[in-house]
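>>> With the input below, show me the fold.
(6 chains)
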Number of protein chains: 6
Amino acid sequence: MEQQRLAVFRKTHFNAAHRLNNPAWSDEQNARVFGKCNNTNYHGHNYELVVRVVGAVDPETGYVIDLGVLNNLIDVNVLQKFDHKNLNLDTAEFANLNPSAENIAIVIYNLLRPKLNTNLDLKIRLYETERNFVEYPA
Amino acid sequence: MEQQRLAVFRKTHFNAAHRLNNPAWSDEQNARVFGKCNNTNYHGHNYELVVRVVGAVDPETGYVIDLGVLNNLIDVNVLQKFDHKNLNLDTAEFANLNPSAENIAIVIYNLLRPKLNTNLDLKIRLYETERNFVEYPA
Amino acid sequence: MEQQRLAVFRKTHFNAAHRLNNPAWSDEQNARVFGKCNNTNYHGHNYELVVRVVGAVDPETGYVIDLGVLNNLIDVNVLQKFDHKNLNLDTAEFANLNPSAENIAIVIYNLLRPKLNTNLDLKIRLYETERNFVEYPA
Amino acid sequence: MEQQRLAVFRKTHFNAAHRLNNPAWSDEQNARVFGKCNNTNYHGHNYELVVRVVGAVDPETGYVIDLGVLNNLIDVNVLQKFDHKNLNLDTAEFANLNPSAENIAIVIYNLLRPKLNTNLDLKIRLYETERNFVEYPA
Amino acid sequence: MEQQRLAVFRKTHFNAAHRLNNPAWSDEQNARVFGKCNNTNYHGHNYELVVRVVGAVDPETGYVIDLGVLNNLIDVNVLQKFDHKNLNLDTAEFANLNPSAENIAIVIYNLLRPKLNTNLDLKIRLYETERNFVEYPA
Amino acid sequence: MEQQRLAVFRKTHFNAAHRLNNPAWSDEQNARVFGKCNNTNYHGHNYELVVRVVGAVDPETGYVIDLGVLNNLIDVNVLQKFDHKNLNLDTAEFANLNPSAENIAIVIYNLLRPKLNTNLDLKIRLYETERNFVEYPA
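Prediction:
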């Protein structure tokens, strides 16, 4: 039987402060659109990050990708940038980009995509809370 | 890089009583097919509902859809109908429809679909228990 | 070193319908006190039950109590009575007792207590939802 | 049988930014003791809060305390102060107190204790992450 | 409205010992590639298995497939083979196949696929730990 | 207000193979008492370990104990011994002791107790599965 492709997932987490704000808007508009997420002095989250990589299973290892290697890629390229940081103030990625869960997921995708072989597909799921989460690409 | 579409998820819950039963069948057939789920006086569940909406990210907000708006749509159109209710006796939707998890998910889809912009895709995941759940459309 | 006592826990679950109501009160008072939990036609829950038994560890088995034996006691004395039932209508225990989580925990304690050796301590934790739960005795 | 006391639990959550820092110390000592939790621009967490109240079960309601009432006490006295806030900058409680999970739990205890009848016991469990949590009093 | 297809999920679990090893390699290469997962005397996991079946909803039952029937298929064809076993030593399936999570998922797919009607689609998700999991087909 | 003592918890995990067996018994007695947990070639678990330490809160740090220090104690004294090991074959602790969850918890307690200041209390909770767990001392 011809083998189909398989997805592997690695779940990690980071803790960060952030604030939703559009500098092109007035304070009133920011407060109306973003509500308490616009709090001037920031709030924070335990972000749960699930990285999904799709490819063929290597018959020699039984792996699509060594999860230790994947974990290290996530650590170096994502966690060391964002963990225990203020996304708005401490990172280049969100200096001029609103750190919504949606934008964080896209940024993480764009950080990891060049590090993976082009024959592997990538998808990012990011939980801002247990009840609010996003997936990119859909 | 052209932006791909992104999925946002909102997880909520409701508690309800229900009973699986097909009125076109005999009591014996209902008992045989539905087992203890056919119990005459109903039983119940804490239903966990995950609503998934797919669309483009608005560059001004960093949102596909404001999760507060989505949460309100779910509250008004789903939770206020079904939470702390007997699905068979207290709701129009299941007066003549067997309230299996499958049918509940399809009903919730049909309740929310007209409330969302047509450029947004919708998917419903419903947990009847931690170990039994459904997704519509697949 | 003298061995201290050890606690073993077994987690199970059952699904049931119930309604909070005090028959000595008027409909208005029941609605005011119990809110949507007073819904006439019942609602329901996935109850998670954690049974805790404390005793000495038997040096021959490494067990306080065989968890298979404990699981069977819970199944026969609790789950077969309450799973997929309407607590108010289908059980003798709640025919005249309001099936609040508090009272359900006390009833389960009283059902299991006589089945366990007197040198074992018993405690019941009952989750009505993930966010509302009780423990008896405290 | 004389009734023993029973514990009820209500689980809620809030999202906040914080920074661990002792102003009496040098920057070097703060960095050495608190590590990445000392990050100047703050980081954040989804705090999960479990409030435990112990008392006798009221035979008329089957309640130790109405969980709606308890939930409202938590909302008014804790969540409205801390949710979507910077604990160090936005709250009087942590203006001069290091917002470690330990101190947050003690502060929450002291906020809620005067609101509860003296015949009820109170305990606070606070999860800073899924893997780090505290309980007060022990 | 024409009905779309719906997915039902059944989550179960099994506990097993395993060891990652490629007999065509030297001990050094196995240790280098598989690390502590190559431990000679095996280690083990609580595997969580989610079986997803997609099909049309039967209007008479409200089911895609009776979850009791699906559960029995999983029990007979998967759990009775693998639960409380050493995958490398006690099973024919992994006598000559490295029991990586990837390969276990493919084996489970191939065990269940012939037992399901061809108009039903099948997907396997397998959690080796809460943080490492796979899905087949992707 | 005089400060009461506070509990801090650190949750970690390890994966191991084990087999329940009493060498003083016949094979028949071992099979009858331990059932599938007696499987000759071992099976395995993802053990979740929660270490609870009780003490006074240090006013300078807001800590009972630095969780990084505690985490390191657990890593060196417990995880490095047991993670990805066969408890029966690879560890001195269970060479002559049945590795039931109960005995593993007691062993972990005895490994950590001498590493902690005597003014700190210690309690171990060990999950063998999500549904079977133990606590020592009770």
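
>>> Every contact and neighbour count from this point should use C-alpha atoms.
Noted.

>>> Distance check, residue A:29 against chain C.
Here residue A:29 is placed at a distance of 35 Å from chain C (Cα to the nearest Cα, to the nearest Å).

>>> which parts of chain A sit against chain B?
Counting by Cα under 8 Å from any Cα of the partner chain, chain A comes close to chain B at A:22, A:98-100, A:102-103, A:130-138.

>>> Buried only: go through the residues you listed for me.
In the residues of chain A next to chain B, burial by neighbour count holds for A:22, A:98-100, A:102-103, A:132-138, counting by 16 or more other Cα atoms under 10 Å in any protein chain shown.

>>> Would you mind putting these into TSV with secondary structure and pLDDT alongside?
Formatted as TSV, these follow (DSSP: H, G, I helix; E, B strand; the rest coil; pLDDT from 0 to 100):
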residue	secondary structure	pLDDT
A:22	coil	96
A:98	coil	97
A:99	coil	98
A:100	coil	98
A:102	helix	98
A:103	helix	98
A:132	strand	97
A:133	strand	98
A:134	strand	98
A:135	strand	98
A:136	strand	98
A:137	coil	98
A:138	coil	96
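
>>> Taking those residues together, which two end up most distant?
A:22 and A:138 (24.6 Å; Cα to Cα).

>>> quick one: contacts for residue A:73?
A:112, A:115 (Cα atoms under 8 Å, 6 or more residues apart in numbering or on different chains).

>>> host element of it?
helix A:67-74 (DSSP states H and E).

>>> which regions of chain A lie under the pLDDT threshold?
Low-confidence segments of chain A (pLDDT under 70): A:1-2.

>>> Mind doing that once more with 50?
Along chain A, the parts satisfying pLDDT under 50 run over A:1.

>>> Measure how buried the residue of chain A found nearest chain D is and give me the count.
At 3.5 Å from chain D, residue A:44 is the closest residue in chain A, using Cα to the nearest Cα. If you count neighbours by other Cα atoms under 10 Å in any protein chain shown, residue A:44 ends up with 31.

>>> try residue A:119
9.

>>> If you drop the residues flanking it in sequence, what lies closest to whatever residue of chain A ends up closest to chain C?
Using Cα to the nearest Cα, the closest approach of chain A to chain C is made by residue A:130 at 12.5 Å. Distances taken as Cα to Cα, 6 or more residues apart in numbering or on different chains put residue B:11 closest to residue A:130, at 7.8 Å, once the chain neighbours are dropped.

>>> Okay, and the beta partners of the one you found?
residue B:50 (DSSP bridges).

>>> Test my guess that it contacts residue B:67.
No: counting by Cα atoms under 8 Å, residue B:67 is not a contact partner of residue B:11; they are 10.4 Å apart.

>>> so what sits against both of those two?
Residues touching both residue B:11 and residue B:67 by Cα under 8 Å, 6+ apart: residue A:132.

>>> related to what we said a few turns ago, which one among the buried ones among the residues of chain A next to chain B gets closest to residue D:89?
Distances from residue D:89 to these, taken by Cα to Cα, are shortest for residue A:99, at 20.7 Å.

>>> The closest one reaches residue A:20, doesn't it?
Yes: counting by Cα under 8 Å, residue A:99 does reach residue A:20; the two are 6.3 Å apart.

>>> In contact with residue A:85, which residues?
Contacts of residue A:85 (Cα under 8 Å, 6+ apart): A:15-17, A:91, D:39, D:41-43.

>>> Which ones among those residues map onto strands?
If you go by DSSP state E, the contacts of residue A:85 have A:15-17, D:43 in strands.
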